[in-house]
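Enquirer: Predicted model follows, preceded by the sequence.
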Amino acid sequence: MSFENLGINANILNAIKATGFESPTPVQQATIPKAILKQDLVVSAQTGSGKTAAFMLPILQHLSEKKAQNTSIQVLVLTPTRELAMQITKAASVYGSNLPWLRVATIVGGMPYKAQIKALSKRIDILVATPGRLIDQMQSGRVNLKNVHTLVLDEADRMLDMGFIDDIQTIVAELPQEKQTMLFSATIDNSIMNLAKQMMNNPERISLNNNKQSHNNIEQKLIYVDDYKHKIKILQHLLSKENLDQAIVFTSTKRGADDLSNHLSDNGFAVAALHGDMNQRQRTKTLSQLQKKQLQILIATDVAARGIDIQGISHAINFDLPMQAEDYVHRIGRTGRAGRNGEALTLATHAEKHKIRKIENYIGKNINIEVIVGLEPVNTFKKNTKENKPRNYGYKFDSNKKTRTYNNKIAKPLFNDKSREERPSYSKNNDNKKRSSINFIKKTSTSSKVIRNKGFAPYREHSNNI
């Protein structure tokens, strides 16, 4: 199937051909015809499958039929992160390059308010926004959503994970009841379906996200390491390979991203960090340098890397394991974009094997283990193939003779047959004799007496007359 068979405007088709795309991806084939018919959709597809074009092309088709008759916002696209919002804005501009009247605006956190206020003062056809900043502008009265006819929730699962559920509900309450709603997510669970029921009218579900068959164009490898120093050595070895074009290295913390970026920079790598503590200007500059190949390596956290779509990324490296198994799929999806081949490498200690098992269960296959010659891990778990034998304490005990044998030498009997009361006790005041760790006492009365010894639990001694 070609894009011409999907019923798309000729101007949009020419823009698509200019990007180099010849045929639609599976998610685009399944989504675009139904989206053009203005059906409500819940779409589940893996990262890098072309979801942005799947909803943006029908949107542009609808707008081209109306040709900006309204002066207010007609399409609202909500995303969880600034990077993803910028990526969608860029895609809308590229696919709509032959629609000179098209106006797209972006409202996200980390950008100056003045620039956003200026953009909102003009006519907007498509507004791409993060929920938090959009609500700020709504409360100031600068955003009018009464004429929105299409709502898109992109990466809805991530928005719910980030706690945007209340913000989403607040925004949807301001939209007209009659509208088209499209929800896109890498994973579909009960929370996603509950959200869809609240805001959609008999949505049709399109599922192309089978974790057990996804990312077949990405070679996945697992490398075990001993500790942090060993992990650093392996990472530097991987980044020095000739087949590496550009790479994204994932860390679990912002500080970890900065520290790793500084370390690699000191060792001569063209590297930069990307995380939530950076302002929008810094983040935009870093991504621009990565696209222009001024940077070879990007050290990023999970949230900051969402929405990065750079085709030159050949490797995705998990320096730290993700908190959730589904985040692994999002991470490795940064490579192998647009049908290209990619390589995903995961570094883990043997203590993290349980996390690896969760990831493997989620994706439905085992990750191949690779050992780098010269950098083999020292600490490995070996299966115990020896027969189960009783513990050897260095002696043998003869219960009949009440003796212990140490290295074939027989020790003195442990106790004789004398009664406990007749055994001598060592005096505390006698320094010439070795002090015993157990204090025995002589029988002094017929009543029971509690004897307490340092380091031992109390026991009760009874007279023979009882």
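Expert: Happy to help now that I have it. Residues are numbered from 1 along each chain as shown.
Enquirer: Which strand residues bridge the nearest residue to Arg331 once chain neighbours are set aside?
Expert: Excluding the flanking residues, the one nearest Arg331 by C-beta to C-beta, 6 or more residues apart in numbering is Phe250, at 5.2 Å. From N, CA and C alone the C-beta is placed, and that goes for glycine too. Going by DSSP bridges, Phe250 is paired in beta bridges with Ala300, Asn318.
Enquirer: Return the residues in contact with Phe250.
Expert: 300-302, 305, 316-320, 322, 331 (C-beta atoms under 8 Å, 6 or more residues apart in numbering).
Enquirer: want to throw those into JSON lines with neighbour count and pLDDT?
Expert: Listed next are those as JSON lines, based on neighbours: other C-beta atoms under 10 Å; pLDDT from 0 to 100:
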{"residue": "Ala300", "neighbour count": "27", "pLDDT": "91"}
{"residue": "Thr301", "neighbour count": "20", "pLDDT": "88"}
{"residue": "Asp302", "neighbour count": "21", "pLDDT": "80"}
{"residue": "Ala305", "neighbour count": "24", "pLDDT": "64"}
{"residue": "Ala316", "neighbour count": "26", "pLDDT": "93"}
{"residue": "Ile317", "neighbour count": "25", "pLDDT": "95"}
{"residue": "Asn318", "neighbour count": "23", "pLDDT": "95"}
{"residue": "Phe319", "neighbour count": "22", "pLDDT": "96"}
{"residue": "Asp320", "neighbour count": "20", "pLDDT": "95"}
{"residue": "Pro322", "neighbour count": "20", "pLDDT": "90"}
{"residue": "Arg331", "neighbour count": "23", "pLDDT": "87"}
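Enquirer: would a markdown table of those residues with distance to Met138 be doable?
Expert: What follows is the contacts of Phe250, written out as a markdown table (distance: C-beta to C-beta, whole Å):
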| residue | distance to Met138 |
| --- | --- |
| Ala300 | 30 |
| Thr301 | 28 |
| Asp302 | 28 |
| Ala305 | 28 |
| Ala316 | 37 |
| Ile317 | 40 |
| Asn318 | 38 |
| Phe319 | 39 |
| Asp320 | 37 |
| Pro322 | 33 |
| Arg331 | 33 |
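Enquirer: now, among those, which is nearest to Ala53?
Expert: Nearest to Ala53 out of the contacts of Phe250 is Ala305 (C-beta to C-beta; 20.3 Å).
Enquirer: Pick the one among the contacts of Phe250 closest to Val104.
Expert: Nearest to Val104 among those, with distances taken as C-beta to C-beta, is Ala305, at 23.0 Å.
Enquirer: And stretch 38-45, what's buried?
Expert: Within stretch 38-45, the residues that count as buried by 16 or more other C-beta atoms under 10 Å are 39-45.
Enquirer: gap between the two ends of that stretch?
Expert: Length of stretch 38-45, first residue to last, C-alpha to C-alpha, to the nearest Å: 20 Å.
Enquirer: Now do it: distance to the chain's middle.
Expert: Centre-to-centre, stretch 38-45 and its host chain are 25 Å apart (C-alpha atoms, centre = their mean, to the nearest Å).
Enquirer: What's the mean pLDDT across it?
Expert: Average pLDDT, stretch 38-45: 90.
Enquirer: what does it rub up against?
Expert: Defining contact as C-beta under 8 Å, 6+ apart, one finds that stretch 38-45 is touched by 26-27, 30-31, 34-35, 51, 54, 62, 180-188, 192-193, 196, 200-209.
Enquirer: And for stretch 275-295?
Expert: Residues from elsewhere that reach stretch 275-295 (C-beta under 8 Å, 6+ apart): 82-83, 86, 108-111, 246, 254, 257-258, 270-274, 298, 300-301, 303-304, 308, 310, 312.
Enquirer: switch to 7 Å and redo it
Expert: By C-beta atoms under 7 Å, 6 or more residues apart in numbering, the residues outside stretch 275-295 that reach it are 82-83, 110-111, 246, 254, 257, 270-272, 274, 298, 300-301, 303-304, 310, 312.
Enquirer: Pull out the buried residues from it.
Expert: For stretch 275-295, burial by neighbour count (16+ other C-beta under 10 Å) applies to 275, 278, 280, 283-284, 286-287, 290, 295.
Enquirer: Go through these and flag which are in helices.
Expert: Of the buried residues of stretch 275-295, the ones assigned to helices by DSSP state H are 280, 283-284, 286-287, 290.
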